[in-house]
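Asker: requesting a structural model of the entry that follows:
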Amino acid sequence: MIKVLQIGNPILTKKSEDVYNTKNLKVQAIIDNMLDICYKKEKTTGGLSAPQIGINSKICIIRRVDKEEKFLKNKKTISSKLNRRLWEVVINPKVLKIGKNKSFFWEGCLSVNHGKVFGPVKRPSLIKIQYLNREGELKSITAFDFFAHIMQHELDHLKGILFVKYIKDPENLWSSKNLDKYLDKNDEFPDIVS
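Answerer: Coordinates of the predicted model:
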């Protein structure tokens, strides 16, 4: 499997470039490799962007958590075939609208200690983007709440930004092990240190 680059690698801080031919075999191979990682890491990731595998192209995969709840209501488990429909391929995204209201959600990243560090990030609760899918078709999508956070997290990768940039106090960074223990004991996320 292709390795996910880790914080400190200069590729993760570069702005990505537009993709000019979505049907190019190299572009399709990049997408397939990214999807393979998402399928294998489905329990720990909400998405992946091309810079995370060393490619500075505007391609990201976003987990459709908005659709996931509907699927789970109808099925006890998500089959692998259905699971593949829960990942949106987003190429050359452009932000059409961003909400004024903001919310905190706890985020992690496969490029920050392999997804084992989390922290609270404040972002707009609504975002609408326009993008190309892997077939080159123009699409748009509006995301709210947690889904909006996932989308913005992945779009940030294309601008060379990791989520830890938004966390000013290091006391707000938690290892997944310690955060799980806290959640088990308290049934809610820790207070945010300001």
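
Asker: relative to residue 56, how far out is the residue positioned nearest the centre of the chain?
Answerer: Taking C-alpha atoms, centre = their mean as the criterion, residue 47 is the residue nearest the geometric centre of the chain, at 3.4 Å. With distances taken as C-beta to C-beta, to the nearest Å, residue 47 is found 17 Å from residue 56. Yep, even glycine has a C-beta here, placed from its N, CA and C like the rest.

Asker: swap in residue 149?
Answerer: Distance from residue 149 to residue 56, counting by C-beta to C-beta: 23 Å.

Asker: so if I had to pick from these two, which one is more boxed in?
Answerer: Relative neighbour count places residue 149 above the other of residue 149 and residue 56, with 25 against 16, counting by other C-beta atoms under 10 Å.

Asker: quick check: closest non-adjacent residue to the more buried one.
Answerer: Leaving aside its chain neighbours, residue 149 sits nearest to residue 105 (4.5 Å; criterion: C-beta to C-beta, 6 or more residues apart in numbering).

Asker: who's in contact with that neighbour?
Answerer: 120-121, 123, 145-146, 149 (C-beta atoms under 8 Å, 6 or more residues apart in numbering).

Asker: just the CA atoms of the helix of greatest length in the chain, as CSV, please.
Answerer: Taking residue count as the measure and DSSP state H as the definition, the longest helix of the chain comes out as helix 25-40. Extracted in CSV, the C-alpha atoms of helix 25-40 (Å, rounded to 0.1, in the frame of the first residue of the first chain):
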residue,chain,number,x,y,z
LEU,A,25,-4.7,7.1,-16.8
LYS,A,26,-2.3,8.5,-14.2
VAL,A,27,-5.0,10.6,-12.7
GLN,A,28,-7.3,7.5,-12.5
ALA,A,29,-4.6,5.4,-10.9
ILE,A,30,-4.0,8.2,-8.3
ILE,A,31,-7.8,8.1,-7.5
ASP,A,32,-7.8,4.3,-7.3
ASN,A,33,-4.8,4.3,-4.9
MET,A,34,-6.5,7.0,-2.7
LEU,A,35,-9.7,5.0,-2.6
ASP,A,36,-7.8,1.8,-1.6
ILE,A,37,-6.4,3.7,1.3
CYS,A,38,-9.8,5.0,2.3
TYR,A,39,-11.4,1.6,2.1
LYS,A,40,-8.6,0.1,4.3
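
Asker: sweet, I'm off.
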